[in-house]
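Undergrad: have a look at this prediction, sequence included:
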Amino acid sequence: MVTATEVGGAATSPPLTFRSRLRRSVGPDTDGYFFVLPTVIIVFCLIIYPFGLAVWYSVSNAFIGEETHFIGLENFQYIIFEDDIFMLTVRNTLLFAAISVVVKVVLGLLCAMLLLRILKLRRFLRGAMLLPFVAPTALTTLAWWLILDPTYSHINWLFEHAWPFSLFDMGPYNFLGEPTLALSSVIFVNIWRGLPFFIITILAGLVSIPDHLYEAADIDGASTMDKFWKITLPLLRPVLAVIILFSTIFTLADFNIVYVLTRGGPMNETHLFATYSFTAGVLNHEIGLGAAIALFLFPIMVLTVIFLLRLVRRDSEYEL
Amino acid sequence: MSKKIKGRTAEILKAPRSRRKFLTQSAAATGGLAGILATGIAPAFAQQRELKVLVNSHFVPSSDEELLRQMKEFGKAEGVKVRLDRVAHLQLPAVLAGEIQGQKGHDVVVMRNADANLYSKHLVSLDGLYEKIGKAGGGWTNNDFGKGRDGKQKAIPWFFISFPIAIRTDLVSEIGENMPDTWDDVLRIGTKLKKKGHPVGIQLSHGADSNWILRGLLWSYGAKLVEKDSKTVAVNSKETVEAFKYIKALYNDAMESEVLAWDDRNNNVCLASGKCSMILNPVSAYRSAVRDNALIQGTQRPVHQVINHIMPPKGPAGRHMAASHQGVGIWKFSKNVEVGKKFLDYHFQADNADKHLHASAGYNQPLLKTHALHPLYASNAKYYFAPFIGWYTHAIGWPGVPTAASATIYDQYLLPDAAAAAATGKATPEEAVKKLEKQMKRLYGRFK
């Protein structure tokens, strides 16, 4: 006789092991989850936890060495409505990022196209071009700090003593002491440092454009400018979008250049989000305020990334 | 890779290992490591006491060298390892903040100005040691410095750094003037010398010197940042406005705009290079000129021969100047509190304190009464000001005492920013003072 239990089998089947239960709930390939676990832990520890902590600090009165209490949106209220340095910081960051990125794109394109045509010393020049990018930022910025020194700027010395500059009665310029010049100086150094990244990446993009497109355009009688606008630029747009994305993120969050050159001065006129957040949070002890300032960068970054990623996606849907 | 290591690696790789054995051994190693990390205590065989000291890099490097020598001597006698770390003085707040947040770092730390009050909760009480050292040294010249918010002594006063005028005597003689005695003299002489290419050099920037000199200037004009109760903000006064008007005139007539971007190095360079006619600075500017044997441009004459130090200028309310007061404290989280105290006791012994003062070439001005009239200051006519400048010198927070709020105002460079705004015309003196008052009230409100 066959019992119901034997027919159904459910009552007599052995209990499921942990692995089997896991497999049932998450699918057959459970090993994958274990493989990504270290990454998840690292992301949690180094990104999610600090971010959460920053959010908590931003709504607290956290102060170095003091007890911390929740104060709601007071920090945000203060920096938006009362702190004029913050408004300068917003203006500076946007100006700094916009001018730097635009100049780097234009100069990067020009230099890359020139480098593509240069046949002699090609390797040397491409290597040399990368130097500002690969040298440690703190070190090179320190060199610029000496070059732009308020008392003994090398550039001012050249203007005063070296021909032909000495003919024009130029300077001396207070590169780091006059607000507009100081901001221009930090933008210039950022461009100097970031330009090689643009040149090399754009050069790689140029090399990958098939020659037959240009040959066909020649046959059709296209001018050099036609070829640039109708072939080179459209095919470079995905590459450009990616480097603009990276560069914008790095530039918006730049710290070293401003901190070494001006420390946000003169009169707090050259602060960016990163330097002002560090100054307020660490040097001025007001961690809560520093966190609130830093968090303002987050929505700006997110919007920039969304915009540029959309551009990348759209531009990668071209057909040859 | 050497042959020996290669052979050993191959041996390990070849050796049969069961998975269970491997896992057991790995777990044991991980557990052991986790235990060490969690408790912060090394296994007995690896334990050795290490005394870690943090100071800001001294402007006269031989001072730090002498400190390290004493630490080594102490370490040898006590059987402890010693380590001296130095950071740039403008970076010190960031390092201290990091150590407090992490509750980890050095044992003995330099505590400047009102830091002992600011970090009061995190420093051990040094009352006993303070009394012992003070008694042996004939008492302290400033009894307010180094106090915590609980009234206990949280830092042992170490030395103060004063701000006399360092001046080019030859340039002043050339224009037929006497040495300046008042701020008005500084403006008059400075205006004449700027026209000859030798401006006055006083920072209006985020440098420590700017914080000191501007406080001294305000006090000389009868202005004050805070009342004697150390709690009531008193900056918004006609005296402060007058002082700011003076700064504006000095900036426009006797200085160059580069002072807006200066750090604490630039004024030294400006004087030693022969450009600046006068700066307010400790003796380090003169010492650098001696060390580098810098020459007056176009001559073979060393510039240090024509640099002298004179008392800081008088204002309508008398002669006042701020000074950087340096102390040493011990973190509560330190595992070597007793060793730290022992070291401080050793370092402040008359003989060692004397050597430290000598090594700094008089830069470290003593806060112990027996050292105040040190023979070193009589050895060089350029130091004649040193024993007397203490009479006119105050710590930050004066006429009150150095408090956490005064430390925060100092660290945020609120006064230099306000003075720079008034000087450059970014704000009127009245507006700059009003804004400064608002900022100060916010921060003082925090520590009520």
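TA: Noted; the coordinates are in hand.

Undergrad: roughly how far does B:Cys270 sit from A:Leu95?
TA: 31 Å (C-beta to C-beta, to the nearest Å). From N, CA and C alone the C-beta is placed, and that goes for glycine too.

Undergrad: wait, isn't B:Ile307 in contact with B:Tyr286?
TA: Yes: with contact defined as C-beta atoms under 8 Å, B:Ile307 counts as touching B:Tyr286 (5.2 Å).

Undergrad: okay, and the common contacts of those two?
TA: Applying C-beta atoms under 8 Å, 6 or more residues apart in numbering or on different chains, one finds that B:Ile307 and B:Tyr286 are jointly contacted by B:166, B:382.

Undergrad: the closest residue in space to B:Ile133 that isn't next to it in sequence - how many residues pack around it?
TA: Using C-beta to C-beta, 6 or more residues apart in numbering or on different chains and skipping the chain neighbours, the partner closest in space to B:Ile133 is B:Phe348 (4.5 Å). Counted with other C-beta atoms under 10 Å in any protein chain shown, residues neighbouring B:Phe348 total 22.

Undergrad: and for B:Thr428?
TA: Using other C-beta under 10 Å, B:Thr428 has 15 neighbouring residues.

Undergrad: pull the contacting residues for it.
TA: Neighbouring residues of B:Thr428 by C-beta under 8 Å, 6+ apart: B:Ala422.

Undergrad: near chain B, which residues of chain A?
TA: By C-beta under 8 Å from any C-beta of the partner chain, the residues of chain A that approach chain B are A:61, A:63-66, A:149-152, A:174, A:176-178, A:182, A:262-268, A:278, A:282-285.

Undergrad: and chain B, which residues reach chain A?
TA: Within chain B, the positions adjacent to chain A are B:90, B:93-94, B:96-98, B:100-101, B:118-119, B:121-122, B:205-206, B:256-263, B:266, B:269-270, B:273, B:275, B:408, B:411-412, B:417, B:420-421, B:424, B:426, B:446 by C-beta under 8 Å from any C-beta.

Undergrad: mind running it again at 6 Å?
TA: By the rule C-beta under 6 Å from any C-beta of the partner chain, the part of chain B lying against chain A is B:93-94, B:97, B:100, B:119, B:122, B:205-206, B:257-258, B:260-261, B:266, B:269-270, B:411-412, B:417, B:420.

Undergrad: take those and keep only those in helices.
TA: In helices, defined here by DSSP state H, the members of the residues of chain B next to chain A are B:93-94, B:97, B:100, B:266, B:269-270, B:411, B:417, B:420.

Undergrad: pull the most distant pair out of these.
TA: B:Ile100 and B:Cys270 (35.9 Å; C-beta to C-beta).

Undergrad: tell me which of those two has more neighbours.
TA: Taking neighbours as other C-beta under 10 Å, B:Ile100 and B:Cys270 compare with B:Cys270 leading, 27 against 22.

Undergrad: how about that one, nearest residue that isn't a chain neighbour?
TA: Leaving aside its sequence neighbours, B:Cys270 sits nearest to B:Cys276 (C-beta to C-beta, 6+ apart; 3.9 Å).

Undergrad: and stretch B:396-410, how far out from the chain middle?
TA: 15 Å (C-alpha atoms, centre = their mean, to the nearest Å).

Undergrad: B:Val328 belongs to a helix, doesn't it?
TA: No: B:Val328 is assigned strand when assessed by DSSP: H, G, I helix; E, B strand; the rest coil, not a helix.

Undergrad: thinking it is in contact with B:Lys154, fair?
TA: No: counting by C-beta atoms under 6 Å, B:Val328 stays clear of B:Lys154, with 10.2 Å between them.

Undergrad: so which of those two has more stuff around it?
TA: Between B:Val328 and B:Lys154, counted using other C-beta under 10 Å, the more crowded position is B:Lys154 (29 against 23).
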